[in-house]
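S.K.: 3D model of this:
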Amino acid sequence: MVEWLRKSQQKFALLTNGVQWRLIHAGPDYEAWCEWDIALWFEEGEPSDQVRALLHLLSPKALTPPKEGEPAPLVAAIQDTRKGQAELSANLGERVRLAVEHIIHSSGEVIDHLRAESVAVSPRDVYIAATRLVMRCVVVLFAEARELLPRTDPVYNDSYSLQGLRGQLDNFYAVADAEACESCGVCETRCQMEAITSPEGKAVVDRSRCIGCALCLTTCPSGALQRLGGRDVRCLQERLGLLEGGP
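M.R.: Sure, this is the predicted structure:
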């Protein structure tokens with residue numbers, strides 16, 4: 001159908017098997033379509049929004065160019081959408097690049113440690129692993145935003161959801177125990193948000209800067225940083241894969 005549209009220089013075609021109806025548009029190097037199911041055409045005996053949308057898209061106003069040489073309103077809308085998709089793709093690509101760079105930078109100490117132990121870790125391997133991690137997060141976040149994953153299920157949201165994890169991190173913050181602190185300065189060095197200082201030799205956490213990443217908790221040798229917002233952090237560490245044997 002798409003090739004027929006291109007060869008005949010037609011803009012749209014309506015394809016149906018009697019149950020599903022598909023409106024197809026074929027451009028020079030792209031195609032777009034939308035689909036309806038007749039089982040959803042009526043609600044309580046009245047035309048549904050699907051029917052109204054189909055009638056609107058097939059109306060002369062939507063398919064007739066306003067002036068000679070200008071695209072029809074429906075074609076113009078599709079072209080505008082493609083421009084928005086291109087801008088979104090460019091923006092997403094830049095954000096992915098920044099996220100990959102951040103992961104690699106944050107993992108520098110671990111990578112150096114592995115190399116010191118003669119573990120073969122090439123820059124290419126690190127880059128591929130970081131990119132895969134970020135892209136998997138993107139796919140999961142997209143699926144959650146489109147409700148393709150059970151975000152409304154409390155078990156999923158509290159234990160598996162990335163958006164749920166983000167919400168928890170927004171509410172968590174590190175708490176330092178001054179009595180247990182040994183003034184080693186490890187947590188202050190590892191904190192990438194510069195949220196930990198030692199004004200009197202003891203670790204102090206700035207809640208306005210802390211993002212609840214729990215990195216300081218896994219590096220504190222004295223256990224002075226053991227809780228986030230007054231809650232036991234072990235379950236959160238397990239989700240982040242920060243405990244030994246974690247993912």
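
S.K.: okay, now Ala62: neighbour count?
M.R.: Using other C-beta atoms under 10 Å, Ala62 is surrounded by 16 other residues. Using the backbone N, CA and C atoms, a C-beta is placed for each residue, glycine as well.

S.K.: Next secondary structure after the helix or strand hosting it?
M.R.: Using DSSP states H and E, the element containing Ala62 is helix 60-63. Later in the chain than helix 60-63, the nearest helix or strand by DSSP H and E is helix 73-106.

S.K.: For that following helix, enumerate the helices and strands it packs against.
M.R.: With contacts taken as 3 or more C-beta pairs under 8 Å, 6 or more residues apart in numbering; DSSP states H and E, helix 73-106 sits against strand 20-26, helix 60-63, helix 123-145.

S.K.: could you dump these to a markdown table with mean pLDDT?
M.R.: A markdown table is the format used below for the helices and strands packed on helix 73-106 (pLDDT from 0 to 100):
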| stretch | mean pLDDT |
| --- | --- |
| strand 20-26 | 91 |
| helix 60-63 | 91 |
| helix 123-145 | 90 |
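
S.K.: Report all helices and strands that the helix holding Ala62 contacts.
M.R.: helix 73-106.

S.K.: Which of the helices and strands packed on helix 73-106 has the highest mean neighbour count?
M.R.: Of all those, strand 20-26 has the most neighbours on average by mean count of other C-beta atoms under 10 Å, namely a mean of 18.

S.K.: who wins for proximity to Glu194 among the helices and strands packed on helix 73-106?
M.R.: The minimum distance between Glu194 and the helices and strands packed on helix 73-106 falls on helix 123-145, with 23.0 Å, by C-beta to C-beta.

S.K.: now the nearest residue to Pro66 once chain neighbours are set aside: how far from Leu88?
M.R.: Spatially, and ignoring its direct neighbours in sequence, Pro66 is nearest to Pro73 (7.2 Å; C-beta to C-beta, 6 or more residues apart in numbering). Distance check for Pro73 against Leu88: by C-beta to C-beta, to the nearest Å, it reads 22 Å.

S.K.: Which of the helices and strands packed on helix 73-106 sits closest to Cys34?
M.R.: Nearest of these (C-beta to C-beta): strand 20-26, 5.5 Å.

S.K.: Show me the shaky parts of this protein.
M.R.: 169-171, 226-247 (pLDDT under 70).

S.K.: Show me how it divides into domains.
M.R.: 2-58, 76-145, 171-240 (automatic domain parsing).

S.K.: Save those as a markdown table, and put in distance to Ser161 too.
M.R.: Listed next are these as a markdown table, based on distance: least, C-beta to C-beta, whole Å:
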| stretch | distance to Ser161 |
| --- | --- |
| domain 2-58 | 29 |
| domain 76-145 | 6 |
| domain 171-240 | 10 |
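
S.K.: Packed most tightly, which of these would that be?
M.R.: Across the domains of the chain, averaging neighbours per residue (mean count of other C-beta under 10 Å) puts domain 171-240 on top, at a mean of 16.

S.K.: Can you give the distance of it from its chain's centre?
M.R.: 27 Å (C-alpha atoms, centre = their mean, to the nearest Å).

S.K.: Okay, Asp49 and His56: tell me how far apart.
M.R.: To His56, Asp49 is 10 Å away according to C-beta to C-beta.

S.K.: before we move on, the earlier item: quick one, what contacts the residue nearest to Pro66?
M.R.: Lys61, Ala62, Leu63, Pro66 (C-beta atoms under 8 Å, 6 or more residues apart in numbering).

S.K.: From these, pick the one nearest Ala120.
M.R.: Among those, Ala62 lies closest to Ala120 (C-beta to C-beta), at 59.8 Å.

S.K.: okay, the helices and strands packed on helix 73-106 in a markdown table with distance to Trp41 next?
M.R.: Shown next, in a markdown table, are these (distance: least, C-beta to C-beta, whole Å):
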| stretch | distance to Trp41 |
| --- | --- |
| strand 20-26 | 9 |
| helix 60-63 | 19 |
| helix 123-145 | 28 |
